[in-house]
Each structure stands twice: as C-alpha cells, then as structure tokens.
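Peer 1: this is a predicted model, with the sequence first.
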Amino acid sequence: MAPHPRWRAPRLTPMKIAHVRERTAPAGAPWRLAAALDAGGTRWLDLEDARRTLVAADPGRAHNSGLFRQPITTLDAHLAAGMRVDALADLLEADVEEHMDASVLHFGPPILAPPSLRDFYAFERHVGTMWKRRDMEIPDAWYRLPIFYFSNVSEIRGPGDPVHAPRGSQELDYELEVAALIDTPVRDLDAARGEEAIGGYTILNDWSARDLQRDESTVRLGPAKGKDFASSIGPWLVTPDELADARREKGYDLAMTATVNDTELSRGRWSSAHFSFGEMVERASADVRLRPGDLLGSGTVGTGCLLEIRDEILKRYLEPGDTVTLEIERLGELTAPVVQRPTA
C-alpha cells in the first residue's frame, strides 16, 4: 500500500524555496514564502505577489486551482492544504517586475514547524570512526538497516540563529548533514519509489553536546539531552530536479564542507552515503505514516564533526564567539554563531 490516495509523483521543475523577511522588518514580522529567480539565490520572488498578479490577469485561475484561491503564507501552510512543493512552480509564470535582493533579506528555516525529525546514520566513514573510538567494528546490523533516532522539533533554528551549549555541557559540536523534506503522505513506501515522496533538500546541522551524549550512551538509551537542544536547517529548500545531473551512487556528487571561523575543518561528498534517501524513506515509513513537513536527516558525512577531527586543526570543541558555516554545493551555506548560554 505504498502511497496515500492523493499521492502523485512530482513533476520536474527546478526551484529554490525559502522563508524570508527584510532585515529591517520589525521583530515578529511574518515570514514570506519566496522562490529564487537565479541559480545563485541572489534575487527572490515573493510568491504571494506572484499569486495576486496571476489572479488579476486571469481570475479564472482561482476557480481552477486551490493554489490561487488562498494567500501564499508559509510552506507549512501550503503543505497543510494538501499541495506538494512542486505546485509552487505555477507561480513562477508571473510577470512581476519587483524582486527582493538577498542582501536585504533574513532567511528562516525552510520548514518552520516540522511534525517530526528522524535523523539517520548513513555515512560509513563517520560510523566507522565512531566505532573505532570504542575499539570495535561496525555492527553488521548497520549495513542491513538504515538506523535513525527522533530529534526534537521544538528547537529548530534557521540561518544565522545563535546556538549555545546546553546546561552542564562544555563540548559543543556541529554535525554536517543533508535533510530531506517529505511533502506527501506515504506509508510502507519501498526504496525504489521512496525519493518520489521528497519535495526538496536542505542543509542540517545536528548540534551535539558530546559530554552529555557520552554519559547518556552508557545507559544504551537516547540520545537525549546531548542532542535535543538545537537543530539548524537552511538556508532554503532545493527541489530534487535541481540536483538531477549530479546524481551518483546513493546520493549526489556534491561537496559538503564545514568551517569554523573561516577555517575549513570538514570535507566530504554526499555521494559517499551508504544508504540512499529512498532507503531511508522505506525504513521510516514502514508501518507508519510519514506526513508532509516531516524531515529526514542523512547523518553526519565522514569527517563532518569535531568528534572525528578536532585534534587535527581546532584542537577543542566549540566556544562562544565561534562561527560555524556548513556548505553543500547547490544547497547553499548555513551559518550559526555560537553564543554564551543565557542565564535564567
């Protein structure tokens, strides 16, 4: 019973989608859903402006498509209305002269309130390093099963949002990952069709408090407070067709890097993943419903965290004053300042 009755395979329309607002907007100003007008994401189209322009030119659109009947607000609302990400491509037909320049915009999380975040463990080099630290081989089960844990969706951060170590931690770490957005309801979807349920990809920083995580792991349950204090995503959502020509093996042949204070510390490639996102969708959807807005994280690419490589260059964990930038080719840059934990 793979897909939900309203499920359909997505069409091929390259897009970058983001939540934006002007940097000068007052605190609490609503996000606006926008689409990039160029490959570099320097010019952006307000999709509600586009909708109004198209309806004014042809009022019949509002009768023929739900996309045009209601204001375009957020991607969350768009998905909740039963539409897939690629439906927004119809708005790109609008002849809107005004556009927004990225230099004056603040970008928010591509999905503001994901219903869930399952984070997988898909890169063998990272997994092997973790088990080698315990003087053990990778368990056979890892090669057979895409393993994941549930993270905390109440602490989603966007580009530029500060992050601090949780209470009692002195070992804050970044983790360089890809996240996939589910944009249609599915259940028991097989791996061969799994990626058809994905509306787009974005960068994920799965922050970790290594000292808390190390203590918790001795009980063989979790992760818990070593992980649930922050997850950063952004800067935008890139539809799969934007990446199609880079498809290799189980992923895409795109470089993934992490820098701290402008010094590159991590470098890997998405195509080195042992499991595809299709396989992750199959595992995640087994006997349960995946909902529009759910996020699946890839797990950390090899070398993609300080736990693996800090002794080589930085020789410490993150501290207040550091700036962490994760970059994945075609998915953009996700930057976060590390700050002191606020007092109560």
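Peer 2: Yep, it's here. These figures come from a predicted structure and were not determined experimentally.

Peer 1: next, the closest residue to A80 other than its chain neighbours: secondary structure please.
Peer 2: In space, A80 comes closest to P292 once its chain neighbours are excluded; the distance is 7.1 Å by C-beta to C-beta, 6 or more residues apart in numbering. Every C-beta, even on glycine, is put in place using the N, C-alpha and C of the backbone. Under DSSP: H, G, I helix; E, B strand; the rest coil, the three-state class of P292 is coil.

Peer 1: pLDDT at P292, what is it?
Peer 2: Reading off the confidence values, P292 has pLDDT 98.

Peer 1: could you chop the chain up by domain?
Peer 2: 16-107, 117-337 (automatic domain parsing).

Peer 1: closest one to T343 among the ones you listed?
Peer 2: domain 117-337 (10.6 Å; C-beta to C-beta).

Peer 1: got JSON lines for the domains of the chain, with distance to T343 too?
Peer 2: Formatted as JSON lines, the domains of the chain follow (distance: least, C-beta to C-beta, whole Å):
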{"stretch": "domain 16-107", "distance to T343": "21"}
{"stretch": "domain 117-337", "distance to T343": "11"}
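
Peer 1: please produce CSV containing the ones you listed, extended by mean neighbour count.
Peer 2: Output for the domains of the chain, formatted as CSV (neighbours: other C-beta atoms under 10 Å):
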stretch, mean neighbour count
domain 16-107, 16
domain 117-337, 20
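
Peer 1: need phi/psi at the residue nearest to A80.
Peer 2: Torsion angles at P292 (phi, psi; degrees, to the nearest 10) stand at phi -60, psi 130.

Peer 1: so it sits against V186, correct?
Peer 2: No: counting by C-beta atoms under 8 Å, V186 is not a contact partner of P292; they are 9.7 Å apart.

Peer 1: contact partners for L91?
Peer 2: Taking C-beta atoms under 8 Å, 6 or more residues apart in numbering as the criterion, L91 is in contact with A35, L45, L47, A50, R51, L54, L67, I72.

Peer 1: determine which two of those residues are furthest apart.
Peer 2: It's L45 and L67 that sit farthest apart of these, by C-beta to C-beta, at 14.8 Å.

Peer 1: helices of the stretch 1-150 of the chain, start to end?
Peer 2: For the stretch 1-150 of the chain, the helices defined by DSSP state H, counting those that start in this stretch cover 47-57, 61-64, 75-80, 124-132, 140-144.

Peer 1: report the distance from the longest one to the chain centre.
Peer 2: Which is helix 47-57. 28 Å (C-alpha atoms, centre = their mean, to the nearest Å).

Peer 1: closest one of the contacts of L91 to V127?
Peer 2: A35 (36.4 Å).

Peer 1: how near is the closest residue to that closest one other than its chain neighbours to R157?
Peer 2: Distances taken as C-beta to C-beta, 6+ apart place L45 nearest to A35, at 5.1 Å, with adjacent residues excluded. Separation of L45 from R157 (C-beta to C-beta, to the nearest Å): 25 Å.

Peer 1: what do you get for P14?
Peer 2: Applying C-beta to C-beta to P14 and R157 gives a distance of 27 Å.

Peer 1: ok, for D206, nearest residue in space, not its chain neighbours?
Peer 2: E175 (4.1 Å).

Peer 1: equivalent analysis for E93, please.
Peer 2: Leaving aside its chain neighbours, E93 sits nearest to L54 (6.6 Å; criterion: C-beta to C-beta, 6+ apart).

Peer 1: show me the contacts for that neighbour.
Peer 2: By C-beta under 8 Å, 6+ apart, the contact set of L54 is R61, F68, D90, L91, E93, A94.

Peer 1: what sits up against the lowest-mean-pLDDT helix or strand in the chain?
Peer 2: For the chain, the helix or strand with the lowest mean confidence is helix 124-132, at a mean of 84 (criterion: mean pLDDT, DSSP states H and E). The contact list for helix 124-132 (C-beta under 8 Å, 6+ apart) reads 121, 137-139, 142, 268, 272, 274, 299-305, 307-308.
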